[in-house]
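Participant: Here is my input; please provide its structure:
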Amino acid sequence: MTTAMERRGFLKAAGLGLAATLLPWPALAATPLRQGRAIKGRKLNIACVGCGGKGRSDIEALSGENIVALCDVDFGQASGAFKDHRRAKRYKDYRVMLREMDQQIDAVTVSTPDHMHFPVAMMAIQMGKHVFVQKPMAHTIAEARALRVAARQHNVVTQMGIQGHCNEAVRLLKEWLDAGAVGPVREVHYWTDRPIWPQGIRTPDEAQPVPANLDWNLWLGVARERPYNSAYMPFKWRGWWDFGCGALGDIGCHMFDAGFAALELGYPTSVEAVSEAGTEDCAPTWSILTYQFPARPGGRPPVKVVWHDGGKQPPRPSQLDEGRELPKDNGQLFLGDKGAILVNDMYCSSLRIVPEARMKEFTRPPKTLPRSPGLYVEWLDACKGQGPAPGANVDYAGPLTEMVLLGNLAVRTGQRVEWDAENMLCTNLPAANRYVRKPYRVF
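Facilitator: Alright, predicted model coming up:
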């Protein structure tokens, strides 16, 4: 069992990580993110936290390495992974696992609900373990910033789980935009069918019996205490602010990724939201967010980014050919002065210039960007000293995650948020700053 002293030790460690974000950020960001301790001449020994759902697919993607430990608060959800990796030691508490197997673990995967990404990843990083963490890499902006600091301090290899970042079309998008395919881009739209789980609902009053395989206290982790109810899990946790980040948190890191990289957006200066009223505890059923990004070097203009969820869509663009409609469920649209680029899915798997006549006359530029061997291979190669830093390491994934989480500040306050990224402050709305960081329950 984890002792009270160990629990206090965890909170102290997490607090130290967050305290680092109060230091001048430009100086910290200027410190190079190093490659990390290379594991050479053998397979990695990997411990996996979160073994059901996405966790299981993460485990299988890494099954060519040594899966030495599996940790899940619900052994029922983890049963498939347990069956596939019978030699791996089994745990319910990640803290016990990391302490007991410290010398046997090289790297850790984190595939838990969002609210536990930071606690698990921070402990692993502080122990010098390489970390693969699912998106969004943190539950608050302060946590995302703290993980970037910790990765520098402890010299570890990191990767966030956004598989689309490795797609060919992501690289093509930047190459096409840099070649002037549609002229300067001034506006981008994203839309999704999420949420596909309940949102905009009241907090249940009923306390239900905890399932036999589940440790509810460990599942709650750092979140505030509440009685078990099936309204929270599995998967339905995404709509509850204590555990997830709503539709934006589920898909935003995927959908924003290609444009964030291609346009080199950096930090927004403001964001505002229109949404159906949610609750203090639960995200709304739909929202539309408008981000403003400043002009960038090279004479590139400011960019307005608009996010639509809950089945909402942007207006039909004038560049779209007659008789053609926008994708119904998920899509991306980059509006330039000389045309537009349309992406038909959330991962930027393919793209077309519209109108179609511009696509046909477009001369594709040379491929100038390095191609990816894949999300997991990037991370494994870097851990073994056989490749460069992964493309979605914390220095890239951190600002991308912050963009997502900043949108939720606007959703939760219902007001325009003006953002000072360097100081991590909402300058016009002090009340919104309470969502930039959060308290942690001792569990």
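
Participant: When you work out contacts or count neighbours from here on, use the C-alpha atoms and nothing else.
Facilitator: Noted.

Participant: Identify the residue nearest Ile201 in space, chain neighbours excluded?
Facilitator: In this structure, Ile201 finds its nearest non-sequential neighbour in Cys282, 6.5 Å apart by Cα to Cα, 6 or more residues apart in numbering.

Participant: ugh, typo on my part, it should be Pro301
Facilitator: Closest residue in space to Pro301, ignoring its immediate chain neighbours: Ala295 at 4.5 Å, by Cα to Cα, 6+ apart.

Participant: next one: Arg300
Facilitator: In space, Arg300 is closest to Pro184, 6.8 Å off (Cα to Cα, 6+ apart).

Participant: Can you tell me how far that neighbour is from Gly331?
Facilitator: As judged by Cα to Cα, to the nearest Å, Pro184 and Gly331 stand 20 Å apart.

Participant: for the residue nearest to Pro301, what are its contacts?
Facilitator: 301-303 (Cα atoms under 8 Å, 6 or more residues apart in numbering).

Participant: now do Gly239
Facilitator: So Gly239 contacts 195, 197-200, 245-247, 282-283 (Cα under 8 Å, 6+ apart).

Participant: And the residues you listed, which of them are buried?
Facilitator: With neighbours counted by 16 or more other Cα atoms under 10 Å, the contacts of Gly239 contain buried members at 195, 198-200, 245-247, 282-283.

Participant: where's the residue nearest to Ile201 relative to Gln153, distance?
Facilitator: 36 Å.

Participant: Please identify the helix or strand for the residue lying closest to Val394 once chain neighbours are set aside.
Facilitator: Closest residue to Val394 apart from its sequence neighbours, by Cα to Cα, 6+ apart: Arg148 at 5.6 Å. Using DSSP states H and E, Arg148 sits in helix 141-154.

Participant: Can you tell me what sits against the helix or strand following that helix?
Facilitator: As assigned by DSSP H and E, the chain's next helix or strand after helix 141-154 is strand 158-161. The contact list for strand 158-161 (Cα under 8 Å, 6+ apart) reads 130-137, 151, 375, 379, 390-394, 397.

Participant: quick one: which of the contacts of Gly239 is nearest to Met424?
Facilitator: Cys245 (18.7 Å; Cα to Cα).

Participant: so how far is Arg56 from the residue nearest to the closest one when sequence neighbours are not counted?
Facilitator: Excluding its sequence neighbours, the residue lying closest to Cys245 (Cα to Cα, 6+ apart) is Arg238, at 6.0 Å. Counting by Cα to Cα, the separation of Arg238 from Arg56 is 18 Å.

Participant: These two: which is more packed in?
Facilitator: The residue with more neighbours, out of Arg238 and Arg56, is Arg238; 28 against 22, by other Cα atoms under 10 Å.

Participant: Help me confirm that the more buried one is found in a helix?
Facilitator: Yes - counting by DSSP: H, G, I helix; E, B strand; the rest coil, Arg238 is located in a helix.

Participant: Wait, it touches Leu248, no?
Facilitator: No - counting by Cα atoms under 8 Å, Arg238 stays clear of Leu248, with 9.8 Å between them.

Participant: Any chance you could list residues touching both of those two?
Facilitator: Joint contacts of Arg238 and Leu248 (Cα under 8 Å, 6+ apart) do not exist.

Participant: Nearest residue to Asp102 in space, please, no chain neighbours.
Facilitator: Counting by Cα to Cα, 6+ apart, the residue nearest Asp102 is Met127, at 7.9 Å.

Participant: Report pLDDT for that neighbour.
Facilitator: pLDDT, Met127: 96.

Participant: Offset the numbering so it begins at 56, please.
Facilitator: Sure thing, new numbering starts at 56, so read that last one as Met182.

Participant: So what's the residue count around it?
Facilitator: Neighbour tally, Met182, other Cα under 10 Å: 16.

Participant: Now, the contacts of strand 213-216 that are in strands?
Facilitator: With strands taken from DSSP state E, the overlap with the contacts of strand 213-216 comprises 185-189.
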